[in-house]
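Peer 1: following is a predicted model, sequence given first.
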Amino acid sequence: MIVDGPYFSRTLDALNLENAQRQATIRNARDIVNAVMAAYGIQPGGDVATATFPNRPPTGLVYGRIQSGKTRAMIASTALAFDNQFRVCVVMTSNINDLVSQTHIDFSSGLDLPLNFHPAAIRASAVVAPFGAVSLSA
């Protein structure tokens, strides 16, 4: 699993993090990767192979206090996914328009990718990148 690829590096730069925040984001991203890999029964540093996928994919939930870094962690995780050849990332967010817009702006600027705003999904903000990026939001 790639944890220091070009999307992740550009995302760290685009987030304009101070040194301590940058290091915390890197540490959190690696913790997330390790947790996902553990959910698939893969040792840290191993590779994800389709043969190791369980019949029922693991699910997760990101929660925390306001301004605790949830969105930053998801942006970093999305960048890591793109570095590891994932082609699509769907981001589900609130149905409160201000939060939808804020999430769209955060992902657009944090991922440093060309995302287009397209109001076609209800109560969802979807980021499809980097091979033809589009963002869906209500």
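Peer 2: Yep, that arrived.
Peer 1: low-confidence bits of this protein, can you list those?
Peer 2: 48-58, 113-138 (pLDDT under 70).
Peer 1: where do the helices sit along it?
Peer 2: 6-14, 19-39, 70-83, 97-111 (DSSP state H).
Peer 1: separation between residue 31 and residue 69?
Peer 2: The gap separating residue 31 from residue 69 is 12 Å, by CB to CB, to the nearest Å. In this view, the C-beta of every residue, glycine as well, is placed from N, C-alpha and C.
Peer 1: comparing the two, which residue is more hemmed in?
Peer 2: residue 69 (16 against 12; other CB atoms under 10 Å).
Peer 1: how near is that one to residue 85?
Peer 2: Noted for residue 69: a distance of 26 Å to residue 85, by CB to CB.
Peer 1: and the helices of the chain: which comes nearest residue 59?
Peer 2: The minimum distance between residue 59 and these falls on helix 19-39, with 9.1 Å, by CB to CB.
Peer 1: what sits up against that closest one?
Peer 2: 1, 3, 8, 12, 15, 17, 43-44, 46, 48, 58, 60, 69, 72-73, 76-77, 80 (CB atoms under 8 Å, 6 or more residues apart in numbering).
Peer 1: so it versus helix 6-14, what angle?
Peer 2: 150 degrees (axes from the mean of the first three to the mean of the last three CA atoms, to 10 degrees).
Peer 1: distance from the chain centre to helix 19-39, please.
Peer 2: From the chain centre to the centre of helix 19-39 is a distance of 11 Å (CA atoms, centre = their mean, to the nearest Å).
Peer 1: list the buried residues for it?
Peer 2: 25, 26, 29, 30, 32, 33, 34, 36, 37 (16 or more other CB atoms under 10 Å).
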